[in-house]
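A.B. asks: model the structure of this input:
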Amino acid sequence: MTDPLALARARGDGPALTVGAPVIPDRRGLAAYLDRALDSGRLSNFGPLASRLEERLAERLDVPYVLSCASGTTALMIALRVFGVSGPTVVPSFTFAATAGALDWAGASARFCDVEPACLTLCPIASEAALADGARALVPVHTYGGACDVAALRDLAARYRKPLIYDAAHAFGARFQGKAVAAYGDAAAISLHATKPFHTVEGGALLVHDQGALEEARRLANFGLDPRRGGTARRPLGLNGKMSEIHAAFGLALLDEYDTLHERRRAVMARYRARLPACWFLPASARGSGSDAYVAIAVPDGVARDDVVESARREGIGLRAYFAPPLHEIDPDADQAAFPVSRGAADRVICLPIHPDFTTAQIDRVADVVLRVCDAPRAN
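C.D. replies: From the prediction side, this is the model:
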C-alpha cells in the first residue's frame, strides 16, 4: 500500500505538510551567489562567500566571531575541543541524539540531567547536583528555540569554573534580554540544516567571543593544520569541518529574505495558536522571543501521542515526536527514575508542520486532524 505521506511529498505542489519541509530562497538571488562562487574558482577552504556569511551572522547574532561549519554537530564537536571539555558533561536527556553524539565523538561523555517542566530546557537544580558530583562542563540546549535559564546556568558555570557551551541548534532568530539567544555562554553551536528556518542545506555555525577561540576553532575545522607553522599539523588534530562555498551561497541567498520569511512563519504560528487550545502549547518563548522553528504541543492526558501521529500520517500529514525516547534511556548507568519531566515530555510532545508558505487552509487541515483525534473543542 502506498504511504499517504510519501504521496503528499511527491506531488510537488508546494511545501509538504511535514515537519522540516525546507525553505527555498529566490532562485535568481541564489543563482547570483552561485555564479560568484563558480567564477571565483574557489569552492571551499574558507572561501569569500563563507567569510561573508560569517560576517553577516556575527552581526545578526550579536557575537564578535562566527565560524561556518559543515554541520551543527561538527560545530559543537569543535567547540568542545576548543574549550578542553572531557569526561562527564551535563546535557539534558530531552534533546536530539546529536547533542550527546557530539560529546562521544569529542572524547567526553554525557551526564544526563532532567529538564524544567515549563520550557523543557536543562534544569539548573539537576545540573548543580551533577557539577557537585564531578561533571566537568555544561552543554544546555535551547529546546525548540526557547531560551534556557541563562542567568542560572551562567552563575553555575562561574561558581564551579566550568565551560558553558550551548547547543543552540534550534535558536536562530530567538532573542532574550536584548540579544540573540545564541550569544549566551562561552560558545554556541547552531544548526543550519535544511530542516531549520534559516539554513545552508547542510551546515552549522560556531559562535565564540574571543579571537583565540576562533583561531583554534578554524585550525580544528581544517584537520588541525596550524597556519602559524606553515600549515603543518599539531595536536590536538582536527577534522574537515569547513563549509563549502556552494552551501554558503545558499545561506547568503536565504539570509537576504530571512526577515520577511520569519514574519510569515510567525503568522503561521499565530494561526495554530488561534485554532488549538492554548494549554497545549509549550511556552517556548517564556524567556524572550522564540525562533518559531517548531510548533511543539503536548497532547492532553488520556490521548496516545502515537495515535495522533499515525492518524495524521494516514491523511498525508507528517508530525514528529521530538524527542522520543529521552536519551537517559540509552544510558545503562542513569537512574531511570530521575527523569520524570523528560519521560513525560517524550510521551506527550509532538511537533506540527510549519513553513512560511503554508496557507490558512493547510494550517487548518493540520489543526482539524489533531483536534479530531484529541476530541477537543475548536479554539476558533
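A.B. asks: roughly how far out does the longest helix belonging to the chain sit from the chain middle?
C.D. replies: In the chain, taking DSSP state H as the definition, the longest helix is helix 245-275. Going by C-alpha atoms, centre = their mean, to the nearest Å, the spacing between the C-alpha centre of helix 245-275 and its chain's C-alpha centre is 15 Å.
A.B. asks: over to stretch 108-117?
C.D. replies: Centre-to-centre, stretch 108-117 and its host chain are 17 Å apart (C-alpha atoms, centre = their mean).
A.B. asks: check stretch 189-198 too.
C.D. replies: With C-alpha atoms, centre = their mean, you get 6 Å for stretch 189-198.
A.B. asks: packing partners for the longest helix of the chain?
C.D. replies: helix 27-40, helix 48-60, strand 295-298, helix 360-374 (3 or more C-beta pairs under 8 Å, 6 or more residues apart in numbering; DSSP states H and E). Heads up, the C-betas are built off the backbone N, CA and C, glycines and all.
A.B. asks: possible to save these as a markdown table with mean pLDDT?
C.D. replies: A markdown table is the format used below for the helices and strands packed on helix 245-275 (pLDDT from 0 to 100):
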| stretch | mean pLDDT |
| --- | --- |
| helix 27-40 | 98 |
| helix 48-60 | 99 |
| strand 295-298 | 95 |
| helix 360-374 | 97 |
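A.B. asks: distance to A253 and mean neighbour count for these - can I get that in CSV?
C.D. replies: Output for these, formatted as CSV (distance: least, C-beta to C-beta, whole Å; neighbours: other C-beta atoms under 10 Å):
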stretch, distance to A253, mean neighbour count
helix 27-40, 4, 14
helix 48-60, 10, 19
strand 295-298, 25, 22
helix 360-374, 25, 18
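A.B. asks: reformat these as a markdown table; add distance to A21.
C.D. replies: As requested, these are arranged in a markdown table below (distance: least, C-beta to C-beta, whole Å):
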| stretch | distance to A21 |
| --- | --- |
| helix 27-40 | 17 |
| helix 48-60 | 23 |
| strand 295-298 | 13 |
| helix 360-374 | 11 |
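A.B. asks: nearest to A194 among the ones you listed would be which one?
C.D. replies: Among the helices and strands packed on helix 245-275, helix 27-40 comes nearest to A194, with 13.7 Å by C-beta to C-beta.
A.B. asks: who touches the residue lying farthest from the centre of the chain in this structure?
C.D. replies: Distance from the C-alpha centroid of the chain, by C-alpha atoms, centre = their mean, peaks at G230 (36.0 Å). G230 makes contact with no residue, according to C-beta atoms under 8 Å, 6 or more residues apart in numbering.
A.B. asks: ok, D133 next?
C.D. replies: Counting by C-beta under 8 Å, 6+ apart, D133 has no contacts.
A.B. asks: what's the answer for E245, then?
C.D. replies: Counted by C-beta under 8 Å, 6+ apart, E245 has contacts A37, S40, R42, L43, S44, G47, P48, L49, A50.
A.B. asks: for the residue nearest to the fifth one when sequence neighbours are not counted, grab phi and psi.
C.D. replies: Take S44 and drop its neighbours on the chain: the residue closest to it by C-beta to C-beta, 6 or more residues apart in numbering is S244, 4.7 Å away. For S244, the backbone dihedrals are phi -80, psi 160 (criterion: degrees, to the nearest 10).
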